[in-house]
Each structure stands twice: as C-alpha cells, then as structure tokens.
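[1] everything below, folded, please.
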Amino acid sequence: MNKKDILFIISIWVLFLSMAQSQRPLPKDLGDAGITVCVPEPVIKWDFKQSEHEIVGDLSGHLIGDAKIENGKLCLPCEGSYYKTDPIPFKLTEKTMVAQVYLDNLEQRGGGLITVQSINGVTFDAIVYGEGKPKTWNNGSEHGIRIRGVEGTEETASSGQPIWMGITYFKDGKICLYKNGSPYRTIIQPETPLQHYRKKQSNVLLGKRHEGGANAYLKCKIEFAQIYDSALSEKQMAALYKLQKEKSAQDTKSVSATRPEELPSQLLVITHESYSDSLVKKAEKGDAQAQVDLGYNYHFGKGVTKSDEQANYWYAKAADQGNANAQNNLASNVSSGVGIEKNLSKALELYKKSANQNFAPAQEGLALMLCRGDGVQKNRAEAFQWHLKAARNGWYPSFCRVAFHYKNGIGTSPDAYLATQWQQLSDSKKTEWEGGALVVDEININPVATSNMNNPQTKKTSAIKRRVIPIPKINDYTSTLSHASNPQPAINPQQNP
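    Coordinates of the predicted model:
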C-alpha cells in the first residue's frame, strides 16, 4: 500500500468521524428492527417557552408589528405581525425547515409559516398555508415557480390543536412537504434548481410568506421552529416528529408531576353581626370584633344611618388593638379618602399590618397598591406574591388577577397551566360571589372565616355579609387587567359578599 492510498483511507475515516459527531441517535428506532435513525442538530432553532429565541449560532431576531411572546408561543394575531431575523451568518443550500403551529382560523389565505429569503424578499422558499388552494399547505416560492404536484388534504385542526409541519429541499431540486411526521403531498420536482441563500445576504421570517408580497401574513401561534442545513430523509422526518412529540408529552408529565397544589379548597367568607344595642354596648366596652362589625354597619348603613366618619371611628378603635379586619377596612377608606383625609402612606402601613397577619383582603389591597405604584414604588413581582397569598387564602377577587399574572408573565414566569387553573376557578365561583346566598344580608352560616367549596357545613347564626360594590378601574394595572380572559370587576378590598 503506497502513501497515497494511506492518506486516502485516513481522509475517509476523518470524514466518517466528523459525520458521526454531527449526528445524535434518537432514543428509540422507528420501524426497522436494529436500525437507529439519526438526525443532525439544527443550525437555527427557536423555543419560545424560554425566551424570544433559543438559537444555535450568532443570530438575533425581532418582533414586528403586534407580534409577542406569550405562554411559551410566538403569537401573531393580525396583519403586519411577524418575526424577522438579522442576516444569517452562514449559507443555506440543501435544507430542512420545521415548525409547530396553531392556526387562528382555517379560512386565511397565503400566509407563510417559516421562510428563508434573500434580504430583499425577491427569492424565497417557505411553508405556506392556503395560497394555491384553500385550507391546504404548500411550498411557497417567488411567483410560485417551484410549486408543482398534487395538492395535499384540507386542514381540519382546531385553533387549540398543534400542527407539525416540515419541508426538505434536496440538492437535485426535489422538495418534500411533511405534516405530523408523514409525507403530506407528492414529491415536488420543480423545473428551477435548488436555490442558494448566501451568508449575510439572506434571513428568516416566521409568520410571513416573504417581504414585499400581498396576503403574506399567517395569523397563528408558533410553538417552536427549526432549520437544518441538510435535507432530512423521510425516516429522519418521522423520527424527528416522534422525538419532539415524546419530549412534549414528557415535559407535560414532568410539569404536572411537580406542579404545586396552590388552588384553595375554600372560598373566604367574612361575616358581621347585625346592628343592635347589644353590639353597640360590646363595642363601647372595647370588644375589637364588635367595633369592626359596628363600623361595617355604619359604612354600609345597615340598621343605622350611613356614616363613613362613624365607620372610620370604630375601625380605628379596633385597628389600634391590632385587629386585622379593622386595619384592612380603615386602609381601604384612607386610600380613597372615604370619610377621612386621603393618605396613601397611611393606607400602605395599615395594609401591611393586616396582610402580615394573613388577612387575605389586605393582602389583595397591598398587591393593588404595589401594582399601581400608589404611595409606593411599583413592584409587580412583590405584588404577585401578595395576590397569590390572598388567592391561596380563598379570596375571590385575587383569583383572576393571579391568572392574569401567570398568563402574561408579569411579576412571575409565564405559566399557561396555572393561568388556566386560576381562571377556571374564578369563572366557576363568579356566580357564587356575585349573587345567590352570598349577597343576602341575613344568612344561616357558621360565623368562621371560610366555607368549604365542596361540602359547606352551616348552622343557624344571625349575621350579615358585605355585598360586592365595584369601584372604578384605576391606573394602568386595572386597565391592563381588562384585557385578561373574562376579567372580573375591580372590587374594593374592604368589601366581600
């Protein structure tokens, strides 16, 4: 064997080792016994659960129009919303593009899911929805010159159902389109050759067919997207889909297994004794709870002429004794100047004293002041913690606010699961909070702080409970809250049913 032959063998081994290192085996084979299917790592990938983009390589992206990241997805709600990268730092010839999408509606036409294009958008390759035929996927290209073959089946997925789409571009010009890991339509063999997208002269779009085209936007939510610098085989595409599906199921299972049980089992109910001579006598003798109840009767005119000044007088008496209910009620009036001079600093101090005694309405009141920046620097992370404490204590007005914070990632990490759980609880208890037995003045209930949601235990006791009296939405926090799913009206922290 001569020196030339030895060098040739060595070069073959180096090439083999290089290819082996660039591929990773899937944990399970997908068909042929004893055969492991491998796929290369993507050169670009986006995972919107963690940040705007998790990318292999040096590449930045930008949210255009009303595009936003929400609940682990890129949300593209309207015309003009899409995601655009800076020029890519490598060339793309043979390639594979993959994305998982939720369509807002099936009737839209011509929008692009994932696109690689020349900087000016004149040349592009894309996965496109509804361009040639309604409700079908296609490979998009400038002037449709690379679109050939029989159309795929019509899309039937609901808005909450994920669609996994992939497309491969081979060196010989062949193009293959995939849906949920399987071939979606016949192989496309266009007359034009494979397009070359040059380094620093090309970029990637998500949610737009190409720049410069009409009806180019896809109204959707994109969960992830990936680009490979090689054309994956049919087995590799099936393997990739299966792996990602299993990973998604495992992530859901893992999250569910470690999910904190933070929803309350009880709805907080606060009762008050009706106005009577005996209640007045107890209050005058220094009984703090009687003073709170008497203040409540004056505040709402229950059995006595309404007087906010008298209400504050008795609230202050009980608050000086450290009564958390009184501190909360007085804070509510002081914060808005009801029957007393408005003083946000004093209100904040009272709310803190009451909240630190684990009194849920005060925890909510403190959270609102922190959200709005009323008498204190805005701190939505701290506000969220107080909202959550109040909600866990069963305080109904906090339920939808906790859902709002989780949904939008305000003051906490976005968590679609917990946002849904809290919103569903809020919706399910809305009628009970706003109407029915909880708003009558005279009720038969055990006069304790909570009533079990599932199996309430009651006994006859003469008591009155506060009606829900909405107050105007204040500042940006409650204005923003109105955009949450089924938001509840803003409620005076002092008041409950």
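
[2] need phi/psi at the residue nearest the centre of the chain.
    In the chain, the centroid-proximal residue (Cα atoms, centre = their mean) is residue 71; its distance is 2.9 Å. Dihedral pair for residue 71: phi 50, psi 40, per degrees, to the nearest 10.

[3] for it, which non-adjacent residue is closest in space?
    Distance criterion Cβ to Cβ, 6 or more residues apart in numbering; nearest residue to residue 71, sequence neighbours excluded, is residue 416 at 4.0 Å. Quick note: C-beta positions are derived from backbone N, CA and C, even for glycine.

[4] wait, doesn't the one you found sit right on residue 72?
    Yes: counting by Cβ atoms under 8 Å, residue 416 touches residue 72, with 6.5 Å between them.

[5] mind checking pLDDT for the closest residue to residue 213 other than its chain neighbours?
    If the residues on either side of it in the chain are set aside, residue 213 comes closest to residue 121, at 7.2 Å by Cβ to Cβ, 6+ apart. pLDDT for residue 121: 88.

[6] could you do residue 54 as well?
    48.

[7] same thing with residue 159?
    Residue 159 carries a pLDDT value of 74.

[8] OK, contacts around it?
    With contact taken as Cβ atoms under 8 Å, 6 or more residues apart in numbering, residue 159 is in contact with 102, 103, 104, 105.

[9] burial count for the residue nearest to the last one when sequence neighbours are not counted?
    Nearest in space to residue 105, with sequence neighbours left out and distances taken as Cβ to Cβ, 6+ apart, is residue 219 at 6.8 Å. Here the count is done by other Cβ atoms under 10 Å, and residue 219 has 17 residues near it.

[10] how close does residue 219 sit to residue 264?
    From residue 219 across to residue 264, the span is 37 Å (Cβ to Cβ, to the nearest Å).

[11] next one: residue 191
    From residue 191 across to residue 264, the span is 66 Å (Cβ to Cβ).

[12] which one's more surrounded, these two?
    Taking other Cβ under 10 Å, residue 191 and residue 264 do not tie; residue 264 has more neighbours (21 against 8).

[13] relative to residue 433, how far out is the spatially closest residue to the more buried one that is not a sequence neighbour?
    Leaving aside its sequence neighbours, residue 264 sits nearest to residue 394 (Cβ to Cβ, 6+ apart; 4.2 Å). Distance of residue 394 to residue 433, computed by Cβ to Cβ: 11 Å.

[14] picking that back up, just the buried ones from the contacts of residue 159?
    Among the contacts of residue 159, those scoring as buried are 102, 103, 104 (criterion: 16 or more other Cβ atoms under 10 Å).

[15] so where's the stretch 301-450 of the chain shaky on pLDDT?
    434-450 (pLDDT under 70).

[16] please enumerate the helices of it.
    308-320, 324-336, 344-355, 360-372, 380-392, 397-408, 416-434 (DSSP state H, counting those that start in this stretch).

[17] now render those helices as TSV, adding distance to residue 171.
    Output for those, formatted as TSV (distance: least, Cβ to Cβ, whole Å):
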stretch	distance to residue 171
helix 308-320	80
helix 324-336	70
helix 344-355	67
helix 360-372	57
helix 380-392	52
helix 397-408	46
helix 416-434	41
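
[18] is it true that the residue nearest to the centre of the chain touches residue 420?
    No: using Cβ under 8 Å, residue 71 makes no contact with residue 420, being 9.3 Å away.

[19] ok, then the element right after the helix or strand hosting residue 248?
    Element membership for residue 248 (DSSP states H and E) is helix 234-258. Next along the chain after helix 234-258, taking DSSP H and E as the criterion, comes strand 266-268.
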